[in-house]
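# Need coordinates for the following:
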Amino acid sequence: MIAGSGFGGVLIIGFVLAFLVVWMAWAQRSQSVKASDPLPDATFDFQKSWLSTFTALLAILGSLNLSGLAFASDPSYSVLNLFFALLVAVAPLVYVALGATGKGTVGGFLAACVATLWAAFGVVISLGVILSQVTQASQGPELATILIMAVLVLTIPLIAAYGYGKLSSLLKPTRAAATREVTFL
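Predicted coordinates for the structure are as follows:
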């Protein structure tokens, strides 16, 4: 990694944001909902799990196309984005692996949500880092770069609101029952 590139901070900030979103939803849950409560098999549906799909696609595209913008000889950006794509892919495994009987639990689902949100925040923040370094290397920010950075800044609270809303509705006692349909973020 390039010294001062900010990618270590991307990992830390992304994880902290993801953990805070999940923790806030957990803190607002009904007291009858326990981490060990079973959930039905969570499904990954491209139409319902839009945050996972968005994150994986952006991470893969970012690792393939954007790493040459500022770091022609450094693969850090590509590796970081592949890490985030892997987090999204591993989230369903985390959900099942943390279940005692091969079925997922509320706690396993929350851990999978931390992984997915970490990846989502990380991809957006790393894109911001790469664009800021491109801007520093050039004569100054262009209008397109400023607009993209504005969209990225607005995307972070939207991801947090979506994750919190979906988790909050899941953690209501009627939603946590083993008969409800659960889809990944």
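
# how close does residue 90 sit to residue 147?
The spacing between residue 90 and residue 147, counted by CB to CB, to the nearest Å, is 33 Å. To be clear about C-beta, it is placed using only N, CA and C from the backbone, and glycine gets the same treatment.

# Give the buried residues for the worst-scoring helix or strand of the chain on mean pLDDT.
Least confident helix or strand, the chain: helix 50-61 with a mean of 74, by mean pLDDT, DSSP states H and E. By neighbour count on 16 or more other CB atoms under 10 Å, the buried set for helix 50-61 is 51-56, 58-60.

# What segments of the chain are strands?
Ranges of strands in the chain, per DSSP state E: none exist.

# which stretches of it aren't confidently modelled?
Along the chain, the model assigns pLDDT under 70 to residues 1-6, 40-49, 62-74, 100-102, 137-138, 140-141, 173-184.

# mind running it again at 50?
1-3, 175-178 (pLDDT under 50).

# Regarding it, what is its longest helix?
Taking DSSP state H as the criterion, the chain has its longest helix at helix 106-137.

# how distant is that helix from the center of its chain?
6 Å (CA atoms, centre = their mean, to the nearest Å).

# Run the angle between it and helix 50-61 for me.
Orientation check (axes from the mean of the first three to the mean of the last three CA atoms, to 10 degrees): helix 106-137 against helix 50-61 gives 40 degrees.

# and helix 106-137, what does it pack onto?
helix 7-27, helix 50-61, helix 76-97, helix 143-170 (3 or more CB pairs under 8 Å, 6 or more residues apart in numbering; DSSP states H and E).

# That one: which residues count as buried?
106-135.

# Quick one: work out the angle between that helix and helix 143-170.
Using the same axes, to 10 degrees: helix 106-137 against helix 143-170 is 170 degrees.

# which other helices and strands contact the least confident helix or strand of the chain?
Helix 50-61 sits against helix 76-97, helix 106-137, helix 143-170, with contacts defined as 3+ CB pairs under 8 Å, 6+ apart.

# out of the ones you listed, nearest to residue 36?
Distance to residue 36, taken as CB to CB, is lowest for helix 106-137 among these, at 6.4 Å.

# The closest one to helix 76-97, inter-axis angle?
Using the same axes, to 10 degrees: helix 106-137 against helix 76-97 is 170 degrees.

# can you offset everything so residue one is 787?
All right, first residue 787 from here; so that's helix 892-923.

# Sort out which one of the buried residues of helix 836-847 lies nearest residue 817 for me.
Among these, and counting by CB to CB, the member closest to residue 817 is residue 837, at 27.6 Å.
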